[in-house]
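**Q** Sequence first, predicted model second:
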Amino acid sequence: MATIDQSILNKINGTTGTSGSGTTKDVSSADAIQNRFLKLFTSQLQAQDPLNPMDNSQMTAQMSQISTVTGLEKLNQAMSGLTQAQMASQSLNAAALIGRNVLVGDSGLNLKDGSARGAVGLSQNADQLKIDVKDSKGNVVDSFSIEQPKNGLTYFGWDGKNVTGEQLADGEYSFAVTATQGGKQIDATALSYQQVKSVGIDGLTPNLSLGNGKRVTLDTVVEVAA
């Protein structure tokens, strides 16, 4: 089979110098690749030796390759559109959370009207779960324990009273958790109820602005409450 002059290949592949119009075309899209392939394929047919023509299997392989490239490009475009649609749907769902309370990984404890609630996530059953409530300065103001908590979520409430039984002022507090099983400490995650103030977009995942000033992604929400 006859070969094609390198200058012809350069022109097909768009590797020559600046064009006469001075414009630059996208040479990476599926359409551009397909057009270059068809030009190259036509040039090969015109330049082939009649006594030694192109092998049919080679022609079929080349056409199959360009079809694969075009198909992948269209698939990528379809997936991109699907991703954008999914992101829009997630954003719409997240907007419905504004004003609602969500349970997220956080150690904040909001005392309101002499009552606060929180939760702890356990990786396994425990013999005892100890909760230390702290004020804004980090001082422990109250402590209590939950016996035999199970694997998963353990909910608790706090009456806002300190260790002497004095009612504390409403406001932001925090809590620390310690879970033990057979005398050994096990993994425990503090979970806090926080009100959603606004919703934003960060990459492909909506994020929630919470009442305590923190931001979390939608996929970290454990529970939605009233």
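**A** Okay, I see it.
**Q** going forward, measure contacts between C-alpha atoms and count neighbours the same way
**A** OK.
**Q** what's the closest non-adjacent residue to residue 207?
**A** Spatially, and ignoring its direct neighbours in sequence, residue 207 is nearest to residue 217 (4.1 Å; Cα to Cα, 6 or more residues apart in numbering).
**Q** after the host helix or strand of residue 94 comes which helix or strand?
**A** Using DSSP states H and E, residue 94 falls within helix 56-95. Reading on from helix 56-95 to the C-terminus, the next helix or strand found by DSSP H and E is strand 101-105.
**Q** which residues are contacting whichever helix or strand comes after that following strand?
**A** For strand 101-105, the succeeding helix or strand toward the C-terminus, using DSSP H and E, is strand 108-111. With contacts defined as Cα atoms under 8 Å, 6 or more residues apart in numbering, strand 108-111 is touched by 116-118, 160, 169-175, 191-193, 212.
**Q** Pairing partners for strand 108-111, with directions?
**A** strand 171-181 (antiparallel) (DSSP bridges).
**Q** residues of the strand it pairs with that come out buried?
**A** Using 16 or more other Cα atoms under 10 Å as the test for burial, strand 171-181 gives 173, 174, 175, 176, 177, 178, 179, 180.
**Q** so the fifth one bridges to which residues?
**A** Each beta-bridge partner of residue 177 is listed here: residue 131, as defined by DSSP bridges.
**Q** how far away is it from residue 160?
**A** For residue 177, the distance to residue 160 equals 17 Å [Cα to Cα, to the nearest Å].
**Q** how does the protein divide into domains?
**A** 6-17+26-95, 101-225 (automatic domain parsing).
**Q** Need the pLDDT of residue 95.
**A** Predicted confidence (pLDDT) at residue 95: the value is 83.
**Q** what's the single longest strand in this protein?
**A** The longest strand of the chain (DSSP state E) is strand 188-202.
**Q** what sits up against it?
**A** 91, 94-95, 97-110, 117-123, 175-179, 206-212.
**Q** what's the next secondary structure element after it?
**A** In N-to-C order, the element after strand 188-202 by DSSP H and E is strand 205-210.
**Q** ok, and what's touching that next one?
**A** Outside strand 205-210, the residues within contact range by Cα under 8 Å, 6+ apart are 87, 90-91, 94, 194-201, 215-219.
**Q** follow-up on the earlier one: would you mind writing the PyMOL command to select the buried ones in the contacts of strand 188-202?
**A** With 16+ other Cα under 10 Å as the criterion, this PyMOL line picks the buried residues out of these:
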select buried, resi 91+94+95+97+98+101+102+103+104+105+106+107+108+109+110+117+118+119+120+121+122+175+176+177+178+179+206+207+208+209+210+211
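**Q** Since that was my last question, I'll sign off now.
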